[in-house]
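when you get a sec, could you give me coordinates for this:
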Amino acid sequence: MPRRSWRPAAAGPSIAHVYTESPHYLGVLVQMCEALNSSNERWEGYVKAVGILQRTVGARLAPSFLLDGSGDRAVLVTDEEQRAILGERWPWIPASVHVRDPWVDPQGWPVAARDNLASEGWQVLPAEFKAWFGDTGVVVQVHADGRHLGAVLMSFDQEFELDQVRAEFLAAAGHILGRAIHSGILARRLQELGALRERRLLADELHVDLAQQVAALGLHAGAMRLDFEEDDRPRLAADIAALTDMVMTLKVTLRHQMLALRTDPLGATDCCMGAVRAQVRAFEQLAPVQVVIECPDPDAAAAVPLDVTAQLTRVLQEALSNAHIHSMASRVVVRVLASDTRVRLEIEDCGRGFDPEAVPDTRLGMVIMKERMAQVGGQLTVQSSSGRGTVVIAEAPFGQPEGWIALTERIGTFT
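Here you go, the predicted structure:
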């Protein structure tokens with residue numbers, strides 16, 4: 001266990017103590033939360049938040065070293081200025097040397113180097129590392145949900161007094177940073193799981209759709225054989241024309257489905273509008289159809305969860321394909337209407353329309369779209385009539401987005 005020159009609370013860090021003893025520190029924690037929420041870039045907000053922490057305590061350097069997926073090493077995460085100071089020697093550090101007693105505290109307390117200079121953990125550190133970290137350095141634990149995720153290594157030009165209030169503050173700051181990283185890890189795992197499920201669903205859809213079209217080709221070939229045997233040349237010519245149309249439809253379907261297997265809109269972006277734009281761009285490469293995207297509130301759309309975004313994107317893909325293949329539309333409008341708790345996707349085309357009640361049960365495209373929305377607690381409706389175009393409406397609820405500014409939720413384990 002780490003040695004300390006101050007006495008930690010038996011119950012662990014308490015943010016309530018920070019509230020009482022130093023309101024200024026509370027304001028800094030709020031600023032860090034705002035910085036973490038200020039950017040869609042994975043690490044930009046994190047680096048900003050650490051910069052606020054560094055300036056608050058007056059540290060000369062404050063690079064973060066965060067554990068990678070293997071847990072074998074901690075990777076450097078910092079701004080370009082500090083990278084230049086550290087040089088090329090420290091892109092990462094081995095976990096076996098640095099992520100060990102006394103530098104890891106199970107309760108999340110910061111650890112001061114000066115209190116542990118006699119420990120084996122200090123003795124085994126490389127001399128070059130000690131040269132920039134110094135014996136006045138402080139290790140701020142980056143942690144969440146009982147997991148050690150890395151540390152912010154703070155180096156000072158002069159003595160830094162790590163008393164109880166400062167320790168409480170640094171522990172709370174480390175927890176906020178850890179929650180940010182932990183949330184990102186969960187989001188990526190959800191994305192990976194969603195991608196696997198999507199490919200499985202898409203494979204099922206591809207099999208069903210192709211099976212139906214190939215079966216239709218087989219029936220049509222049988223009809224052609226009868227016309228040939230009866231030497232009905234006019235009907236045979238009509239059969240050939242119809243067969244050509246069926247083959248062309250099959251080719252278009254294959255192109256759409258194969259593109260969906262090759263590309264994953266959620267792999268390129270974490271936001272709903274990014275996925276929608278990616279899907280529209282892919283569609284426009286295949287079809288001579290003008291697509292207009294409308295989104296009155298991009299901020300609300302950015303809060304749509306990944307699982308909901310995944311299903312909406314696939315519904316959009318199916319609706320665009322139908323607008324091209326069946327509706328023969330020349331223009332489509334895609335609307336994303338989001339609030340704090342719901343999202344509504346509308347795909348409106350100017351095509352020839354159809355009677356939704358007349359669609360046979362064997363056409364599974366509509367059924368699959370409805371099942372997709374049902375998976376996320378949503379629903380799908382279709383408004384159409386002959387000669388008046390079609391509007392596909394997909395709606396789904398989602399929980400109140402968890403904002404970084406909700407400070408008491410982020411650091412509730414410290415109360």
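
show me the shaky parts of the stretch 1-150 of the chain.
With pLDDT under 70 as the threshold, the stretch 1-150 of the chain has low-confidence stretches at 1-23, 40, 42, 70.

switch to 50 and redo it
Residues of the stretch 1-150 of the chain that meet the criterion pLDDT under 50 lie in 18-19.

list the buried residues of stretch 164-182.
Of the residues in stretch 164-182, those scored as buried under the neighbour-count criterion (16 or more other CB atoms under 10 Å) are 166-182. C-beta: built from backbone N, CA, C; applies to glycine.

which residues of the stretch 301-415 of the chain fall in strands?
Secondary structure of the stretch 301-415 of the chain, counting by DSSP state E, counting those that start in this stretch: strands at 331-338, 342-349, 379-384, 390-397.

and the third one, which strands flank it?
As defined by DSSP bridges, the strand partners of strand 379-384 come to strand 390-397 (antiparallel).

what is the burial count for residue 314?
Number of residues near residue 314 (other CB atoms under 10 Å) recorded here: 23.

nearest residue to it other than its sequence neighbours?
Excluding its sequence neighbours, the residue lying closest to residue 314 (CB to CB, 6 or more residues apart in numbering) is residue 372, at 5.8 Å.

and what of residue 301?
Leaving aside its chain neighbours, residue 301 sits nearest to residue 338 (4.3 Å; criterion: CB to CB, 6+ apart).

could the strands of the stretch 301-415 of the chain go into JSON lines alongside mean neighbour count?
Formatted as JSON lines, those follow (neighbours: other CB atoms under 10 Å):
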{"stretch": "strand 331-338", "mean neighbour count": "20"}
{"stretch": "strand 342-349", "mean neighbour count": "21"}
{"stretch": "strand 379-384", "mean neighbour count": "16"}
{"stretch": "strand 390-397", "mean neighbour count": "21"}
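
Throw those strands into CSV and include mean pLDDT and distance to residue 83, thanks.
Formatted as CSV, the entries for the strands of the stretch 301-415 of the chain read as follows, by pLDDT from 0 to 100; distance: least, CB to CB, whole Å:
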stretch, mean pLDDT, distance to residue 83
strand 331-338, 96, 38
strand 342-349, 96, 39
strand 379-384, 93, 49
strand 390-397, 95, 42
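
dump those into CSV; add distance to residue 156 as well.
Below are the strands of the stretch 301-415 of the chain laid out as CSV (distance: least, CB to CB, whole Å):
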stretch, distance to residue 156
strand 331-338, 46
strand 342-349, 48
strand 379-384, 58
strand 390-397, 50
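
of these, which is nearest residue 54?
Of all those, the one in closest proximity to residue 54, counting by CB to CB, is strand 331-338 (36.0 Å).

name the helices or strands packed onto that closest one?
For strand 331-338, the elements it packs on are helix 272-284, strand 290-294, helix 298-302, helix 306-325, strand 342-349, judged by 3 or more CB pairs under 8 Å, 6 or more residues apart in numbering; DSSP states H and E.

returning to what we had before: and residue 317, which of the strands of the stretch 301-415 of the chain is closest to it?
Where the strands of the stretch 301-415 of the chain are weighed against each other on CB to CB, the nearest is strand 342-349, at 10.0 Å.

roughly how far is that closest one from the heart of the chain?
In terms of CA atoms, centre = their mean, to the nearest Å, the centre of strand 342-349 is set 21 Å apart from its chain centre.

against which helices or strands is it packed?
Using 3+ CB pairs under 8 Å, 6+ apart as the contact criterion, the elements in contact with strand 342-349 are helix 306-325, strand 331-338, strand 390-397.

and those: which comes nearest residue 61?
Comparing the helices and strands packed on strand 342-349 against residue 61 with CB to CB, the closest turns out to be helix 306-325 (35.5 Å).

how about that closest one: buried residues?
In helix 306-325, residues buried by neighbour count (16+ other CB under 10 Å) are 306-324.

just to be sure, residue 135 is in a strand?
No: note on residue 135: no strand contains this position according to DSSP: H, G, I helix; E, B strand; the rest coil, which reports coil.

in the stretch 101-250 of the chain, what residue spans correspond to strands?
Ranges of strands within the stretch 101-250 of the chain are 111-112, 138-144, 147-154, based on DSSP E, counting those that start in this stretch.

okay, buried residues for stretch 354-374 please.
Of all the residues in stretch 354-374, those buried under the rule 16+ other CB under 10 Å are 354, 365-366, 368-370, 372-373.

quick one: low-confidence residue ranges for the stretch 301-415 of the chain.
Across the stretch 301-415 of the chain, the ranges flagged by pLDDT under 50 are 400-415.

so what's the residue nearest to residue 314 up against?
Shown in contact with residue 372 (CB atoms under 8 Å, 6 or more residues apart in numbering): 201, 311, 314-315, 380.

out of those, who's nearest residue 105?
Once CB to CB is applied, the member of those that ends up nearest residue 105 is residue 311, at 42.3 Å.

disregarding residues adjacent in the polypeptide, which is nearest to the closest one?
Using CB to CB, 6+ apart and skipping the chain neighbours, the partner closest in space to residue 311 is residue 372 (4.4 Å).
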